[in-house]
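# Pasting a predicted model and its sequence here:
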Amino acid sequence: MIAPGATIGMLGGGQLGRMTAMAAARLGYRTHVFCPEVDSPCAAVAAYHTCADYRDAQALAAFAAAVDVVTLEWENIPVETIGLLSRQVPVHPGAKVLEIAQDRVAEKGFINGQGIATAPFFDAPDAAAAAAALTRLGTSAILKSTRMGYDGKGQVRLDPGCDVAAAWRAMGSDAGIVEGLVDFVAEISVIVARTEAGQMASYPPVENRHQHHILSQTLVPAAITPALAATAVSMAERLAAALQVVGLLAVEMFVTGDGRVLVNELAPRPHNSGHWTIDAAATSQFEQLVRAVCGLPLGSVAVLAPAVMENLIGDQVDQWAAILAEPGARLHLYGKAEARPGRKMGHVTRLLPGAAVPLST
Ligand code: AMP
């Protein structure tokens, strides 16, 4: 067990790292962030900051020597970096988890290998393979870059008969995956925390609504039947156990009109759809990550009140004063200087009137 007073190393300097550092501080830990940005949301609240490239071996060695455990807030940290650090200090989640989560083809293959459904997909190493995949699917599809995509970046819709070569160029990557377009009625997610000893705790499924491919709102809990919720949680836990994740696993899913649940994507880190847990759950996802990677008992995932989390994207952050004046609205700002379009600047969680939700333990 890594007891309070120890230093947690955080790879990545964004808002997910920031909120983890704040939760760690509450439990008496210090955070040492490693990221290449000089000015980052996490460094602004962390005790220590190493500002270096993720492949800087010397800086990594000094960082590993200065911390008691390492976790991450971004799954695209180079796997070699995790390998280097792991020789000196425990890193959770580990390299195997990242290898799968960094590659959409490997990830979907892994999920299907666990007997869990995804959208139909084809590996597309070039434009000709993408065109062949579209023909085989016979329906509309999405071409996604295999690696490094987020918030809809590197994604292009394909319709039967479209110009696939142009779509390939617009995707902007040298490796792709073609996925059948899922006609979903809702997008949901489940966040599971798992310790090294295999203890797991899952927050109930929440519903996610997107605008321009970026998460706009999370509704807590998702308005789905208890049976569907149980299916979603058991899928997420099966994946977390099979991956042997230590830390968090966020599982994004589609619910179809005929009551099926398909897994879309995995993120082995805190997730935007779990921000509500700071204000409306007994233990936040960030504290849960600290507990999991330090070998502490996991906290209760009880929902204290139904809630809606809304992201403040780009200039939506200018509403901060009005939000502060709203009774019951809980404002979180990430301290980013420039409100560029599409940039997540903060979020607000509104607790809804009503009794506690008896969905979880
Ligand atoms: P992703 O980067 O895979 O999470 O995709 C971003 C968003 O695009 C998802 O949250 C969905 O709204 C949409 N999307 C992605 N893949 C599919 C799919 N196969 N079918 C329908 N919508 C999708």
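Yep, it's here.

# going forward, measure contacts and count neighbours with C-alpha atoms only.
Will do.

# how far is stretch 234-241 from where the chain is centred?
Relative to its chain's centre, stretch 234-241 lies at 15 Å (Cα atoms, centre = their mean, to the nearest Å).

# now do stretch 25-34
Distance of stretch 25-34 from its chain centroid, counting by Cα atoms, centre = their mean, is 20 Å.

# and if you look at stretch 145-156?
With Cα atoms, centre = their mean, you get 14 Å for stretch 145-156.

# Just the endpoints, please. Distance across it?
Length of stretch 145-156, first residue to last, Cα to Cα, to the nearest Å: 9 Å.

# Please enumerate residues in contact with it?
For stretch 145-156, the surrounding residues in contact (Cα atoms under 8 Å, 6 or more residues apart in numbering) are 76, 102-105, 142-144, 167, 170-177, 212-215.

# Tally up the residues packed near residue 338, please.
10 (other Cα atoms under 10 Å).

# wait, is it part of a helix?
No: counting by DSSP: H, G, I helix; E, B strand; the rest coil, residue 338 is not part of a helix but coil.

# Return the distance of stretch 203-211 from the chain's centre.
That offset, for stretch 203-211, works out to 12 Å (Cα atoms, centre = their mean).

# okay, residue 152: pLDDT?
pLDDT, residue 152: 68.

# give me the subset of the contacts of stretch 145-156 touching the ligand.
Contacts with the ligand within the contacts of stretch 145-156, counted by Cα under 6 Å from any ligand atom: residue 213.

# The contacts of stretch 145-156 in helices, which ones?
104-105, 167, 170-171 (DSSP state H).

# What separation do you get for residue 189 and the ligand?
10 Å (Cα to the nearest ligand atom, to the nearest Å).

# which residues does that residue form a beta bridge with?
residue 206, residue 252 (DSSP bridges).

# just the CA coordinates of stretch 243-263, formatted as CSV?
What follows is stretch 243-263, C-alpha atoms only, in CSV (Å, rounded to 0.1, in the frame of the first residue of the first chain):
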residue,chain,number,x,y,z
LEU,A,243,-7.2,-6.2,-19.2
GLN,A,244,-6.1,-6.4,-15.6
VAL,A,245,-6.4,-2.7,-15.4
VAL,A,246,-5.2,-1.1,-12.2
GLY,A,247,-6.8,2.3,-12.0
LEU,A,248,-9.8,3.3,-14.0
LEU,A,249,-11.4,1.9,-17.2
ALA,A,250,-14.0,4.0,-18.9
VAL,A,251,-16.1,2.1,-21.4
GLU,A,252,-18.1,4.0,-24.0
MET,A,253,-21.1,2.2,-25.4
PHE,A,254,-24.0,2.5,-27.8
VAL,A,255,-27.5,1.3,-26.9
THR,A,256,-29.5,0.3,-30.0
GLY,A,257,-33.3,0.5,-30.5
ASP,A,258,-33.6,-3.3,-30.2
GLY,A,259,-31.9,-3.3,-26.8
ARG,A,260,-28.4,-4.3,-27.6
VAL,A,261,-25.3,-2.7,-26.0
LEU,A,262,-22.2,-2.3,-28.3
VAL,A,263,-18.9,-1.1,-27.0
